[in-house]
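Enquirer: The following comprises the amino acid sequence and a computationally predicted model.
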Protein chains: 2
Amino acid sequence: MLSYKAPIRDIKFLFEDVFDYYGHYQKYPEYAEATPDLVDAIFAECAKFSENELLPLNQSGDKEGCHFDNGVVTTPKGFKEAYRQYVEGGWQSLSHPVEQGGQGLPPSMGMVKSEMMGTANWSWGMYPGLSHGAMNTIQEHGSDEQKEVYLTRLTEGTWTGTMCLTEPQCGTDLGQVKTKAVPNGDGTYNITGTKIFISAGEHDLTENIVHIVLARLPNAPAGTRGISLFIVPKMQVDQQGNLGEGNNVTCGSIEDKMGIKASATAVLNFDNAKGVLIGPENKGLECMFTFMNTARVGTALQGICTAELAYQNSLLYAKDRLSMRSLSGKKAPEKVADPIIVHPDVRKMLMTQKAISEGGRAMIYYAAKLVDEIESAKTEAERKAADDRLGFITPILKAFLTELGCESASHGMQVFGGHGYIKEWGMEQIVRDARIATLYEGTTGIQALDLLGRKILLTRGVALKDFAMEILGFCKDHSMISGYSHKRQMNKFIWPLSKAVANWQQYSLRIALKARKDRDFIGACSVDYLMYSGYIVMAYFWAKMAQAAYEKLASGVEDRDFYRAKIKTAEFYFERMLPRTRSLAKTMMADPKTLMQLDGELLSFL
Amino acid sequence: MLSYKAPIRDIKFLFEDVFDYYGHYQKYPEYAEATPDLVDAIFAECAKFSENELLPLNQSGDKEGCHFDNGVVTTPKGFKEAYRQYVEGGWQSLSHPVEQGGQGLPPSMGMVKSEMMGTANWSWGMYPGLSHGAMNTIQEHGSDEQKEVYLTRLTEGTWTGTMCLTEPQCGTDLGQVKTKAVPNGDGTYNITGTKIFISAGEHDLTENIVHIVLARLPNAPAGTRGISLFIVPKMQVDQQGNLGEGNNVTCGSIEDKMGIKASATAVLNFDNAKGVLIGPENKGLECMFTFMNTARVGTALQGICTAELAYQNSLLYAKDRLSMRSLSGKKAPEKVADPIIVHPDVRKMLMTQKAISEGGRAMIYYAAKLVDEIESAKTEAERKAADDRLGFITPILKAFLTELGCESASHGMQVFGGHGYIKEWGMEQIVRDARIATLYEGTTGIQALDLLGRKILLTRGVALKDFAMEILGFCKDHSMISGYSHKRQMNKFIWPLSKAVANWQQYSLRIALKARKDRDFIGACSVDYLMYSGYIVMAYFWAKMAQAAYEKLASGVEDRDFYRAKIKTAEFYFERMLPRTRSLAKTMMADPKTLMQLDGELLSFL
């Protein structure tokens, strides 16, 4: 049986000691309600709902899976009831605008909510989670009428939404989209085509589903410049939002997948389904990209949800399971053997999981603060600064954290030994569920091209320089010269971090120069470069957490063990994980020739 | 649908050009029959059986799984018929002694057979595969009568065998074994206890199953020194081997696992089951360890089976799937997009898979030659030399190749994008099936302790030194100074390899010194050390393959593309995989304090 307790203490540490979230909320009048008391109370409720309602459905949902019968999808037992409670509890509307019936709390609080619920049950969380894409699209690009009809119902959660991008012949390469939209002359369009891999594309949780569909108008330009966005509801609705008859959208099947089995992944057939245009004609992809970052941070979250769930459970097992004696002398002489947590190799796996989970959480909460700033910026300059920063770190968060989430899940399983491979313990499910995260919302390879191609090379390194300046500023503020005694202790983090950031900038420049001469250099180095960047970014946040912990300890705080554990975990990270950059620095600079010189036809001789 | 073609060309390369297998066979009169013609013919037949009979049952076996009904286990559709053909074809007896009805061909040929069959269908291959453990035990430690009754039937394959070690409370730590054996006074024993995770522990393929069971005699010493081995057949047999009534061995259940679902993993309840002692009393573990190496090489094989199957399928997909255009210019302008194989990042994943599969195969075939030498050594000194070498590389092969097998499977899935996560393509099954390999037959952590603790520290580095001398001898023979023009080209491999081997020895010494002062250093560094060692060993075999390829090219051979591809893959390995040692060298030397200073109770604050 999987166990989960929401990491309330860690969240409090990040909110109060590391990121000064309450100072941040106070800057925006619309977030005035988000006081420590309210936030704590909401998170406590959220923890309760996640632990008591969602967690118990996690393994049973995997076992039962979704049912498909002639176009009708039934979610696993308990999912519908949990969703009803979720809507009644007002969870869907938590951080959405008051105008559409939302509670207007900051998006960052919504991120924490998604984290807890997603850790307890990622598959369940995808049903309400996928709505956010549709909601953001309508919020940003919809007409007032579209907002009134669709957004209010999505906000309260009586309907859910989807994003229908992928088709059988294309996922990443959306320029190949074939779905057609033919205008009816009355402002509506007839949408025809097949969409696949549509998460929450069909289910029994709500009476309607609002599909946001990429399609081509007649005579639209070829490729990515000829794609428009349409709202296509499962059930037709009138202008007051009353449900009418069924639209011609049918679920052809749901996928039989490796994991996230309780999340229905639908094939949707649109056969002259009625839809309305949202946003300008042929600008569908641009419209979608306006909130691609938040969607991707939402997927990055899966990395830390996985890491946390795997960690909590392997830690419990490692304290409990007795095997062999410590090489440095019996630790539990009264028992038949020592608990495996005493073995350094097991400890290494646990510490790695801990460093990923807590380090990743800090990265996500940093991003969440930027999302708040983007939503509520007072000036366009302020909004753009936050948006550029978020755009820069998003591909790192998405790819790096989901890759590390898979690593953590695998360590968790390894801690369990053979028992990790058996379904009843739940560890193998975490491994299976985690694996989708490096594939959807843009694979790791696509994130890496986004980082290096668009965010580094296209901006001529400005975004990197800005972020590096932030890190170096932190290093300067907390290096020995400045004074306080705990700052000397920070040197063990500050020096390697400064050096890493300097290297990061230098390598980035060298890569830019090489990419000019050989375009293949970009793709050849991009994934290694992204992972390299990820380890440095995570080092920054571990240093920040260590610094906050030293600060608290110096202030004479009471729960000293908590802060000391943070510092020791930071030490672990710097000694045992940050050095992974050494290999990556070497391989990312290798000649693309080593990849491309062998003709594709000569890759095998069967 | 998964595709598989046996890599006959690659096997021929290793047999003829790299390892001179035919010269090796000629050294032993008992292998005189193993001429190129016969070997080629057998491998061709084996390829046919694997591709045509076993591969088609791979995905269907996973889907159907094994059935359990009141103690009776039914294997998936087609398994029994394939096993019948296997036995009729004489495959089980291929490399077993003529005295027990075997064909007396070299063990190395049996390894190649296991590779092909295991790649086509690992789960199926476990039923005959598990017999080898039982066969080796009886061959080595059994009485003549035991050989006559059990071994002949195991050899022909009419019965299969198992190894019953694990119990609910212990897997690795066999000193905790509780199963009891009470003598009946007539040479038989009553065995009582529960064994779990017994692969092929119950099935419908044969009329009898021969369990080799670890159990304790009355008054046996506590711990590992009080364990004896027993033969406990599922059906009792008389002295002529005729089946009698059922023994008191019942299958309580089979495990619901992440993968290898078509392989039955049984819980076996022994309730005063009749058994006979094999080997001396209380020496059960020593007896088992005599052939632990071959069993573990058999599991290492799963790493390359996985890597090969994943590679073959992702390569086909990468040539077929069209997405985006190459950054260095359109490669297939006539198509709607370029095949993804043109993208450097996709190519990197494919090349990594190729390097793992072919490099790993070379490592396995090297080990297989040692197994031949051990089996047929003319002198004890010769046997011991081969045994020491095999003992040294076995933990590396087992852990390193199974870890890399998982990596290759994961790359294969990633090449497929979202389609890799869907069952129909078969890639997600490879990932699931592969994952067991780092857990059973000793986890990666246990292999690492075996390597560093027993094979390095306990021998005071002799085994490492011997192996390093072999590599350095190769380097000396093929460095520039020696002459031929192609030897200059070898320098790009020889120099980094020599340097890596020198570092390997130095680090090993430093670790030994540190381990003297701090026993926790061993466990803290062991897994990183094993992986570090693995990359260097694989580099040796890639250099050997490149050297053989240069040699053939210089000799004016015809299929030059094949040999050039080998050299280019070696270049890839040295530029993009060997540098992984850089990070490992750093992290393995880190202070164990970073792992152990945080009290186990302070690892979380929930």
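Expert: Nice, thanks for sending it over.
Enquirer: Please make it C-alpha for all contacts and neighbour counts, starting now.
Expert: Fine.
Enquirer: Can you name the residues of the stretch 201-350 of chain A that neighbour chain B?
Expert: Proximity of the stretch 201-350 of chain A to chain B, by Cα under 8 Å from any Cα of the partner chain, involves residues A:255-259, A:319, A:322-324, A:327-328, A:336, A:341-345, A:347-348.
Enquirer: mind giving me the domain split of chain A?
Expert: Residue ranges of the domains in chain A are recorded as A:8-289, A:292-442, A:450-595, according to automatic domain parsing.
Enquirer: Report the rounded mean pLDDT for the shortest one.
Expert: By that I understand domain A:450-595. Domain A:450-595 shows a mean pLDDT of 94.
Enquirer: A:Val232: how many residues sit nearby?
Expert: Neighbourhood size, A:Val232 [other Cα atoms under 10 Å in any protein chain shown]: 28.
Enquirer: distance of the closest residue in space to it that isn't next to it in sequence from chain B?
Expert: Counting by Cα to Cα, 6 or more residues apart in numbering or on different chains, A:Val232 lies nearest to A:Gly275, which is 4.3 Å off, once chain neighbours are set aside. Using Cα to the nearest Cα, to the nearest Å, one gets 27 Å for the distance from A:Gly275 to chain B.
Enquirer: Got the phi and psi for A:Gly275?
Expert: phi -140, psi 170 (degrees, to the nearest 10).
Enquirer: quick one, what contacts it?
Expert: Residues near A:Gly275 by Cα atoms under 8 Å, 6 or more residues apart in numbering or on different chains: A:188-191, A:230-233.
Enquirer: can you map out the strands along the stretch 101-250 of chain A?
Expert: All strands of the stretch 101-250 of chain A, identified by DSSP state E, counting those that start in this stretch, fall at A:159-164, A:180-183, A:188-199, A:208-215, A:228-233, A:235-237, A:243-246, A:249-254.
Enquirer: Spell out which parts of the stretch 51-200 of chain A neighbour chain B.
Expert: A:169-170, A:172-173, A:176, A:197.
Enquirer: any chance of the strands of the stretch 101-250 of chain A in CSV, plus mean pLDDT?
Expert: Listed next are the strands of the stretch 101-250 of chain A as CSV, based on pLDDT from 0 to 100:
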stretch, mean pLDDT
strand A:159-164, 96
strand A:180-183, 98
strand A:188-199, 98
strand A:208-215, 98
strand A:228-233, 98
strand A:235-237, 97
strand A:243-246, 96
strand A:249-254, 98
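Enquirer: just so I know, which of those strands lies nearest A:Thr587?
Expert: Nearest to A:Thr587, of all the strands of the stretch 101-250 of chain A, is strand A:188-199, at 33.8 Å by Cα to Cα.
Enquirer: how far off strand A:208-215 does that closest one point, in degrees?
Expert: 100 degrees (axes from the mean of the first three to the mean of the last three Cα atoms, to 10 degrees).
Enquirer: from the contacts of A:Gly275, which would you call buried?
Expert: Burial by neighbour count, judged by 16 or more other Cα atoms under 10 Å in any protein chain shown, picks out A:188-191, A:230-233 from the contacts of A:Gly275.
Enquirer: which one of these sits closest to chain B?
Expert: Minimum distance to chain B across the buried ones among the contacts of A:Gly275 is 22.7 Å, recorded for A:Ile191 (Cα to the nearest Cα).
Enquirer: which residue packs closest to A:Ser376, ignoring adjacent ones?
Expert: A:Tyr28 (7.1 Å).
Enquirer: Assign A:Asn269 to helix, strand or coil.
Expert: strand (DSSP: H, G, I helix; E, B strand; the rest coil).
Enquirer: what number of residues lie near it?
Expert: 20.
Enquirer: right, and it touches A:Gly252 too?
Expert: Yes. Between A:Asn269 and A:Gly252 there is a contact at 6.4 Å, judged by Cα atoms under 8 Å.
Enquirer: follow-up on the earlier one: and of the strands of the stretch 101-250 of chain A, who's closest to B:Met589?
Expert: Set against B:Met589 and scored by Cα to Cα, the strands of the stretch 101-250 of chain A come closest in strand A:188-199, at 45.3 Å.
Enquirer: Quick one: list the elements packing against that closest one.
Expert: Judged by 3 or more Cα pairs under 8 Å, 6 or more residues apart in numbering or on different chains; DSSP states H and E, strand A:188-199 is in contact with helix A:122-141, strand A:159-164, strand A:180-183, strand A:265-278.
Enquirer: cutoff 10 Å now
Expert: Secondary-structure packing of strand A:188-199 (3 or more Cα pairs under 10 Å, 6 or more residues apart in numbering or on different chains; DSSP states H and E): helix A:122-141, strand A:159-164, strand A:180-183, strand A:208-215, strand A:228-233, strand A:249-254, strand A:265-278.
Enquirer: What residues of the one helix or strand A:Leu350 maps to count as buried?
Expert: In the assignment (DSSP states H and E), A:Leu350 maps to helix A:344-376. The neighbour-count criterion (16+ other Cα under 10 Å) identifies A:344-374, A:376 as the buried residues of helix A:344-376.
Enquirer: Quick check: mean pLDDT of it?
Expert: Averaged across helix A:344-376, pLDDT comes to 97.
Enquirer: The helix or strand following that helix - contacts with which helices or strands?
Expert: For helix A:344-376, the succeeding helix or strand toward the C-terminus, using DSSP H and E, is helix A:380-415. Judged by 3+ Cα pairs under 10 Å, 6+ apart, helix A:380-415 is in contact with helix A:292-320, helix A:344-376, helix A:427-434, helix A:444-449, helix A:462-477, helix A:520-554, helix B:444-449.
Enquirer: what's the most buried one of these?
Expert: For the helices and strands packed on helix A:380-415, the largest average neighbour count (mean count of other Cα atoms under 10 Å in any protein chain shown) is found in helix A:427-434, namely a mean of 27.
Enquirer: Surely the residue nearest to A:Ser376 touches A:Asp372?
Expert: Yes. The criterion here is Cα atoms under 10 Å, and A:Tyr28 meets it with A:Asp372 at 9.3 Å.
Enquirer: Residues in contact with both of the two, list them for me.
Expert: A:Pro106 (Cα atoms under 10 Å, 6 or more residues apart in numbering or on different chains).
Enquirer: so what's the nearest residue to A:Thr294 once chain neighbours are set aside up against?
Expert: Computed as Cα to Cα, 6+ apart, the closest residue to A:Thr294 that is not its neighbour in sequence is A:Val371, at 7.4 Å. For A:Val371, the contact set (Cα under 10 Å, 6+ apart) comprises A:106-108, A:111, A:293-294, A:297, A:365, A:377, A:383, A:386-387, A:390.
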